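J.: coords please:
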Amino acid sequence: MAEISATDAKNKFGEVLEMARKEPVRIQKNGRDVAVMVSAEDYRRLTEGASGVNPLIVKLHAESVKRWGKVYEALAK
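T.: So this is what the prediction gives:
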C-alpha cells in the first residue's frame, strides 16, 4: 500500500488519483492514518453485498425462531 501525507495528497491530487488506480493509498496527517483512497473498482468490490445480511444468518435465524419461537415469546414476557 502506498503512503502519502495529507499535504502532499492535496498538492498532488492528480498523482494520488493515478496511484489509487494501481493500489490503495494511505493518507496520513501528523503521522496518523486518516484515510485510504481506493479505485472506484476496488470500492465497488468492497461494498458489494455489504448492505445485506448474510443469507446463511437469515436462514439460521428462521430455523431458530421456528424451533424455539414459543420459548422466545415466554422469555420476552
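J.: contacting residues for the spatially closest residue to Ser5 that is not a sequence neighbour?
T.: Counting by CB to CB, 6 or more residues apart in numbering, Gln28 is the residue found nearest to Ser5 once chain neighbours are left out, at 5.7 Å. Quick note: C-beta positions are derived from backbone N, CA and C, even for glycine. By CB atoms under 8 Å, 6 or more residues apart in numbering, the contact list for Gln28 reads Glu3, Ile4, Ser5, Ala6, Val34.
J.: please redo it, this time with the cut-off set to 10 Å
T.: By CB atoms under 10 Å, 6 or more residues apart in numbering, the contact set of Gln28 is Glu3, Ile4, Ser5, Ala6, Thr7, Asp8, Ala9, Val34, Ala35.
J.: swap in Leu46?
T.: Contacts of Leu46 by CB under 10 Å, 6+ apart are Val38.
J.: With Val16 instead?
T.: Per CB under 10 Å, 6+ apart, neighbours of Val16: Ala2, Ile4, Asp8, Ala9, Lys10, Val25, Ile27, Met37.
J.: how about those residues, which pair is most distant?
T.: Among the contacts of Val16, the pair separated by the greatest distance (CB to CB) is Ala2 and Lys10, at 15.7 Å.
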